[in-house]
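*Asks:* quick one: sequence and predicted model below, then my questions.
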Amino acid sequence: MSSIPSSIGNFCNLQYLDLRYNNLNGTSRDIINGTETCNSKSPLPNLRELHLENNQLMGKFPNWLGELQNLEGLYLDNNQLQGSIPSSIGNFCNLQYLDLSYNNLNVSLPDIINGIETCNSKSPLPNLRELHLGSNQLMGKFPNWLGELKNLEKLYLDNNQLQGSIPSSIGNFCNLQYLDLSFNNLNVSLLDIINGTETCNSKSPLPNLRVLGLGSNQLMGKFPNWLGELKNLEELYLDNNQLQGSIPSSIGNFCNLQYLDLRYNKLNGSFPDIINGTETCNSKSPLPNLRELHLENNQLMGKFPNWLGELKNLEGLYLDNNQLQGSIPNLIGNLSDLSFLDFSSNKLSGTLTKQHFWKLSKLEYLYIGSNSFRLDVSSNWTPPFQLRTLSMGSCHIGPAFPAWLQSQKNFEYLDLSNASISSSIPNWFWNISSNMEYLILSHNQLQGHLPNSNIGEFLPNLLLLSLSENQIAGNIPDSIGHLSSLKVIDFSRNNLIGAIPSTINNCSSLIVLDLGNNNLSGMIPKLLGSLQLLQSLHLNYNKLSGELPSSLRNLTGLDVLDLSYNNLSGQIPAWIGTTFPNLVILNLRSNMFSGRLPSLLSNLSSLHVLDLAQNNLMGEIPVSLVELKAMAQDHNMSISSLYHNRSNSLYEERLIVVTKGLNLEYSRTLSLVVSIDLSDNNLSGEFPKGITKLFGLVFLNLSMNHIIGRIPESISKQRQLSSLDLSSNKLFGSIPSSMSLLSFLGYLNLFNNNFSKKIPFIGQMSTFTESAFAGNPNLCGTPLLIKCQDEGTDKNQSDVEDKIDGGFVDQWFYLSIGLGFAVGILVPYFVLAMRRSWCDAYFDLVDKIVKWLLFRRRVTYARNHAQRK
């Protein structure tokens, strides 16, 4: 490992220098020898190609590189160069290839670069054919000088932080074949018009463009018309943007298009019934060369168009996660080259027959689940394909188990969940494919027993086996231990009986074991402790008995331990608090555990759910519970471990939480649950004040115990609290008025305690009915019918005050009227008495007014008298 010595400049005749794939580090030197040695104005005067890629060079782009006048190829990719690209790169008059990709260049591209005068050219870098600047940290806008690189054939600016719009000058790239601007922050609408038709003497812009990558930006607006004019385009990537509107019929003009990717946008509206292209492309079908069409994860509506069945060369069709409706036309069965077909998670319906598949001999991946299809094929139907993946969840396939599966020998993934199958699993099925990795038959009405044969020989690569929510009966066979590659076993919600086989410890790769909701009996096998990779263990709702085996302390990676609703006994072992640092859910509800709560439970720093209700626990609640760190955070945490993405297990955790008097099942929203339930035990002592420091707590249930003391005012700090049940205890004192600040509190039960005084019926507390406070004889006030004693006193006192206030007001009212009358009479009198001239003028005015009124009266009388005559 070393730097590049300055003496390389002495290679006066060197034409080709290749130092790639070394460990050269350090910065490139600012100055190198050679100008005097070679009698040249620049070092390395004859160098044509310089390869320094795949090293560890750091620092900025050195100036002397811009002096290599005869350089044709410069390769500096996959280093650690930083800073900006200097404007001196324009001096590379003969440069044809420039690769600076995969560095740490982290400023804007220069607005102007040199070269026009140096190279005697109208544009910089007049011979440049390929420019690779991808996978850096370049910022700013797309510079105008890029549009002047007339001979450019390949331009890669992907994986940077460029912003703004795409300039219309990109149409001037008459020779451009590859343009990649994907994975940037381009955040405006695509241009309606771009240059190039006149510059390139062509009817369309970018006449030679073959690949256009604009994916993973923030481009908005509709699909622009000019894209449909790129006649030679072979690949178009517009995925992961915010494009809206419908798909235009002009896409049929892409006569040479092989790959079209519009997934993860906001395209809505229906497919066009007809698209262009049959005349333009001199073909009987539109898009005659299209091989892959990605339209998944949009908002496309309407029916499945017939022209999709005319894309003769299509190999992959991806329409999943849209809102398509109606049935699938039989024409889809004509796509003889199709190997990947996905229109899952739509609103499609109707019947699928063998006509939909009759020419699909190359089909390997078929995803049609999460729709409402009904498969109607005969029992002796032999499909033309050999599938590797089949996902038909939520399609109606039953009631009989599909016999045509017997012809499929290449399965790796099979999902027939919720498929209305109500028969038993035939014996031949377990020998269907030795390549099987994921087998999902859950949510049916499957009957019968699990096979006693050595299914490990038939399914040696099986990673996930899900048979949950069926009606499978009998014992779990010992042969389950031969499936040594299994990572997930889900046999929950069946009718399995007997003991858990000890051979299950041979499944050493197991991450999830869910045997809940069955009729299993006996003790928990000690050998379960040898499953050291186990993260989730569900044995709930069975008839298991005995104590917890100490071997479980070996399961140090456990996230979920659910042993609820069994007959387990003994004390809760203290080692639970020291063994499981990643434990998120601990559910031991409804067993026969006795003794005290171990204080070491406070060491479970990742715990979100603690449910020890309906046991025989006694003693005080440990004050150390305040140390449950995950519950002390007042924001909802994402529990990614509960989905076991690390193993791609496709298993989703479920948990029944008893809250608000209901059994609520949580799965996808399980990360929102933060709960402590210690109800229905024999716990005593004072209310644990420290529990109010668990600011993230959503559900708290301490009911049906013998807890005494007061509710602390600090309970108002638990702002996330949604359900609080303290009923059937011996709590006393007043209800804290601060509880009115618990704005999320939707359920409150304080029944059957010794609370007293007036209910603080304000704020959130005013939303609860009488039942929340009943059974407390010393409580009073709304919403109870019992009035507080001081309410009557207060009312009488108020009436007296009203009377006093009323008399006081009446006295002042009459006094003010009298004073006003006196002032109105006396003030003018005293004024006129003091000034004789004012008095004479005043009475003269009064005389004139009186005389005028008398005159008007006489005139009116005379007129009326004349009319009578």
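*Replies:* Received, thanks.
*Asks:* chain neighbours aside, what residue packs nearest to residue 66?
*Replies:* Excluding its sequence neighbours, the residue lying closest to residue 66 (C-beta to C-beta, 6 or more residues apart in numbering) is residue 88, at 3.3 Å. To be clear about C-beta, it is placed using only N, CA and C from the backbone, and glycine gets the same treatment.
*Asks:* and what of residue 285?
*Replies:* Spatial nearest neighbour of residue 285, chain neighbours left out: residue 310 (4.3 Å); criterion: C-beta to C-beta, 6+ apart.
*Asks:* isn't residue 27 right up against residue 58?
*Replies:* Yes. Look at residue 27 against residue 58 with C-beta atoms under 8 Å: they come within range, at 5.4 Å.
*Asks:* all the strands of the stretch 1-150 of the chain, residue numbers only.
*Replies:* For the stretch 1-150 of the chain, applying DSSP state E, counting those that start in this stretch gives strands covering 16-18, 25-27, 49-51, 56-59, 73-75, 80-83, 97-99, 104-105, 130-132.
*Asks:* hmm, back to that, thought the residue nearest to residue 66 was touching residue 64?
*Replies:* No. Using C-beta under 8 Å, residue 88 is not in contact with residue 64; the gap is 9.6 Å.
*Asks:* ramachandran coordinates for residue 630?
*Replies:* Main-chain torsions, residue 630, degrees, to the nearest 10: phi -60, psi -30.
*Asks:* relative to residue 702, how far out is it?
*Replies:* As judged by C-beta to C-beta, to the nearest Å, residue 630 and residue 702 stand 19 Å apart.
*Asks:* how many other residues sit next to the residue lying closest to residue 481 once chain neighbours are set aside?
*Replies:* Computed as C-beta to C-beta, 6+ apart, the closest residue to residue 481 that is not its neighbour in sequence is residue 503, at 3.0 Å. Number of residues near residue 503 (other C-beta atoms under 10 Å) recorded here: 16.
*Asks:* in contact with residue 503, which residues?
*Replies:* Residues near residue 503 by C-beta atoms under 8 Å, 6 or more residues apart in numbering: 478, 479, 480, 481, 482.
*Asks:* filter those down to the buried ones, ChimeraX style.
*Replies:* To isolate the buried members of these in ChimeraX, using 16 or more other C-beta atoms under 10 Å:
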select :479,480,481,482
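*Asks:* the closest residue to residue 59 other than its chain neighbours - how many residues pack around it?
*Replies:* Leaving aside its chain neighbours, residue 59 sits nearest to residue 27 (3.0 Å; criterion: C-beta to C-beta, 6+ apart). Residues within reach of residue 27, counting by other C-beta under 10 Å, total 15.
*Asks:* quick one, what contacts residue 27?
*Replies:* Neighbouring residues of residue 27 by C-beta under 8 Å, 6+ apart: 3, 57, 58, 59, 60.
*Asks:* sorry, back to before: more neighbours, residue 630 and residue 702?
*Replies:* The neighbour count for residue 630 versus residue 702, taken as other C-beta under 10 Å, is higher for residue 702 (24 against 18).
*Asks:* what's the pLDDT at the more buried one?
*Replies:* Looking at residue 702, its pLDDT is 97.
*Asks:* residue 206 reaches residue 227, doesn't it?
*Replies:* No. Counting by C-beta under 8 Å, residue 206 stays clear of residue 227, with 9.8 Å between them.
*Asks:* thinking again about what came up before, the residue nearest to residue 66 - how many residues pack around it?
*Replies:* Residue 88: 19 surrounding residues under other C-beta under 10 Å.
*Asks:* and residue 77, by the same measure?
*Replies:* 23.
*Asks:* that one and residue 97 touch, don't they?
*Replies:* No. When contacts are counted by C-beta under 8 Å, residue 77 is not listed as touching residue 97 (10.7 Å).
*Asks:* show me whatever sits in contact with both of residue 206 and residue 227.
*Replies:* residue 212.
*Asks:* looking at this structure, which helix or strand does the model trust least?
*Replies:* Within the chain, no helix or strand scores below helix 789-834, which has a mean of 53 by mean pLDDT, DSSP states H and E.
*Asks:* so how far is residue 341 from residue 315?
*Replies:* Distance, residue 315 to residue 341, by C-beta to C-beta: 10 Å.
*Asks:* ok, residue 375 next?
*Replies:* Residue 375 is 14 Å from residue 341, by C-beta to C-beta.
*Asks:* looking at those two, which is more packed in?
*Replies:* A count of neighbours by other C-beta under 10 Å puts residue 341 above the other of residue 375 and residue 341, at 25 against 19.
*Asks:* now do the contacts for that one.
*Replies:* Per C-beta under 8 Å, 6+ apart, neighbours of residue 341: 316, 317, 332, 360, 363, 365, 366, 367, 368.
*Asks:* which SS class is it?
*Replies:* Secondary structure for residue 341, judged by DSSP: H, G, I helix; E, B strand; the rest coil, is strand.
*Asks:* kindly state the beta-bridge partners for it.
*Replies:* Residue 341 forms beta bridges with residue 317, residue 366, as assigned by DSSP bridges.
*Asks:* next one, pLDDT for it please.
*Replies:* Residue 341 is assigned 97 on the pLDDT scale.
*Asks:* residue 309 versus that one, what's the distance?
*Replies:* Distance, residue 341 to residue 309, using C-beta to C-beta: 11 Å.
*Asks:* swap in residue 71?
*Replies:* Going from residue 71 to residue 309 by C-beta to C-beta gives 54 Å.
*Asks:* ok, those two, which is more surrounded?
*Replies:* When residue 71 and residue 309 are compared on other C-beta under 10 Å, the one with more neighbours turns out to be residue 71, at 24 against 20.
*Asks:* check contacts around the more buried one.
*Replies:* Contact analysis of residue 71 by C-beta under 8 Å, 6+ apart lists 47, 48, 49, 50, 65, 92, 94, 95.
*Asks:* and if you look at residue 66?
*Replies:* Neighbour list for residue 66: 86, 88, 89, 91, 92, 114 [criterion: C-beta under 8 Å, 6+ apart].
*Asks:* burial count for the third one?
*Replies:* Residue 89 has 22 neighbours, counted by other C-beta under 10 Å.
*Asks:* hmm, it is touching residue 113, no?
*Replies:* Yes. Using C-beta under 8 Å, residue 89 is in contact with residue 113, at 6.0 Å.
*Asks:* overlap of the contact sets of the two?
*Replies:* Both residue 89 and residue 113 are contacted by residue 125, under the criterion C-beta under 8 Å, 6+ apart.
*Asks:* for stretch 310-322, give the mean pLDDT please.
*Replies:* Rounded mean pLDDT across stretch 310-322 is 95.
*Asks:* ok so, going back, closest one of the contacts of residue 341 to residue 561?
*Replies:* Nearest to residue 561 out of these is residue 367 (C-beta to C-beta; 34.5 Å).
*Asks:* go ahead and confirm that closest one touches residue 388.
*Replies:* No. Using C-beta under 8 Å, residue 367 is not in contact with residue 388; the gap is 11.7 Å.
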